[in-house]
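*Asks:* With the sequence up front, the predicted model follows.
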Amino acid sequence: MNRLKKGGEFEGVVTEARGGMYLVEEAGGERCLCTTYRGTKTENIGTGLVAVGDCVAVTITATGKDVEGVITLVRKRRTALVRKRDVRRNRSKEKIQVIAANIDQLAVVVSAEQPPLNTRLIDRYLVFAESECLPAVIVVNKMDIADRKLVTEMMIPYCELDYAICYVSAEDGEGITSLGCKLAGKVSAFSGHSGVGKSTLINVLVGEEKLKTAEISSWSLKGVHTTTNAVMLGLPQGGYVIDTPGIREFNLSEITKENLRFYFPEFLAPMENCAFSSCTHTVEPSCGVVHAVDNGTISRERYTSYLAILDSLDDSM
Ligand SMILES: Nc1nc2c(ncn2[C@@H]2O[C@H](COP(=O)(O)OP(=O)(O)OP(=O)(O)O)[C@@H](O)[C@H]2O)c(=O)[nH]1
Ligand SMILES: [Zn+2]
């Protein structure tokens, strides 16, 4: 921590947030434990002040065992994954919580086996990605124990939709280099159900040494014991992966019965042929989407996912 001197200023990225304290990493990889203060300025309006992924300006206040500082400015976000809070229960808090800022893509991690490949889940994550205007990379993990023929067949609709797909094994290293290339230089948020191997994959991608050293002593010195909301980990080839409970447990709260159909990209052209502009593509006569399913232009599996999600939205309304 030689380059960061008391009173000095630098710009960096917030890589971890816990209980009002933030780890800010500068371009050279040096890190500074920061707080905000009343004078912290932001170029973003109406959302949480600081989130993992934010680009911030820092003034250094101390250089002891760890460098400490205050965040003076939060730069405008390119993208933000947000969660709307229930304001009735939590009047004093901000309405919109930023889970992670400046994300370039969503890595949708699924397992080929244990648990078996579940395309319904892939479709839910893809709807989420489409609704956030985030490109998605589908990562099919545990290929070492997969029925390859079955898995490749099940993934055909996603190949045809031009989603990036990586077949990998965190266990034996298959496909890790090619996944690494897709993540290079970008900020990728990892999502996926419990047990599909996200942590194991991130360990392999980031390098276990780096994961261990990511923990710094000051958190406990400052009495910050709360579990991490989000962590951003640097990749050896440049870029970061973000692992957050907020994205792991994402919900489709922004999706409605009316807008769901716009998040299945292959529906957009056939939809033009629907007799009714408000067609839900379920029971209406002369439906372009149903017609496209019948003639094989739209995958029946994807259409079944659409119906299942539509149904689940019904329940929550
Ligand atoms: N065979 C095989 N097992 C794997 C692979 N990747 C992960 N596993 C195993 O799958 C289990 C779950 O892995 P985790 O990395 O904890 O999964 P996770 O997605 O982070 O799960 P949560 O932390 O619950 O969200 C562990 O027992 C891993 O050893 C793989 O490529 N092949
Ligand atoms: Zn229709």
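*Replies:* Now that the structure is in, tell me what you want to look at. Residues are numbered from 1 along each chain as shown. Ligands and ions are numbered 1, 2, ... in the order given.
*Asks:* what residues does the chain put near ligand 2?
*Replies:* Counting by Cβ under 5 Å from the ion, the residues of the chain close to ligand 2 are Cys274, Cys279, His281, Cys287, Val289. (C-beta placed from N, C-alpha, C; glycine too.)
*Asks:* what kind of secondary structure is the last one in?
*Replies:* In other words, Val289. Put simply, Val289 is helix when judged by DSSP: H, G, I helix; E, B strand; the rest coil.
*Asks:* related to what we said a few turns ago, tabulate the residues of the chain next to ligand 2 (a markdown table), appending distance to ligand 1 and neighbour count.
*Replies:* Listed next are those as a markdown table, based on distance: Cβ to the nearest ligand atom, whole Å; neighbours: other Cβ atoms under 10 Å:
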| residue | distance to ligand 1 | neighbour count |
| --- | --- | --- |
| Cys274 | 39 | 21 |
| Cys279 | 38 | 19 |
| His281 | 33 | 25 |
| Cys287 | 38 | 21 |
| Val289 | 33 | 26 |
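*Asks:* beta partners of Phe10?
*Replies:* Phe10 has these beta-bridge partners by DSSP bridges: Val58.
*Asks:* can you count the residues close to it?
*Replies:* Number of residues near Phe10 (other Cβ atoms under 10 Å) recorded here: 20.
*Asks:* okay, it: pLDDT?
*Replies:* For Phe10, the pLDDT comes out at 94.
*Asks:* Over to Glu249?
*Replies:* pLDDT, Glu249: 57.
*Asks:* Equivalent analysis for Gly19, please.
*Replies:* We have a pLDDT of 79 for Gly19.
*Asks:* and if you look at Gly239?
*Replies:* pLDDT at Gly239 comes out at 92.
*Asks:* Please verify my assumption that it contacts Lys182.
*Replies:* No - counting by Cβ atoms under 8 Å, Gly239 does not reach Lys182; the two are 9.7 Å apart.
*Asks:* mind listing the strands in the stretch 51-200 of the chain by residue range?
*Replies:* Using DSSP state E, counting those that start in this stretch, the strands found in the stretch 51-200 of the chain span residues 55-63, 67-74, 80-84, 96-101, 105-111, 136-141, 164-167, 187-191.
*Asks:* Spatially, what comes nearest to the one residue in the stretch 1-150 of the chain that gets nearest to ligand 1 if we skip its sequence neighbours?
*Replies:* Residue nearest to ligand 1 within the stretch 1-150 of the chain (Cβ to the nearest ligand atom): Lys142, separated by 3.9 Å. Distances taken as Cβ to Cβ, 6 or more residues apart in numbering place Ser111 nearest to Lys142, at 4.4 Å, with adjacent residues excluded.
*Asks:* Near the one you found, how many other residues are there?
*Replies:* Residues lying near Ser111 (other Cβ under 10 Å) number 24.
*Asks:* For it, which residues are in contact?
*Replies:* For Ser111, the contact set (Cβ atoms under 8 Å, 6 or more residues apart in numbering) comprises Leu117, Val140, Asn141, Lys142, Gly195, Val196, Gly197.
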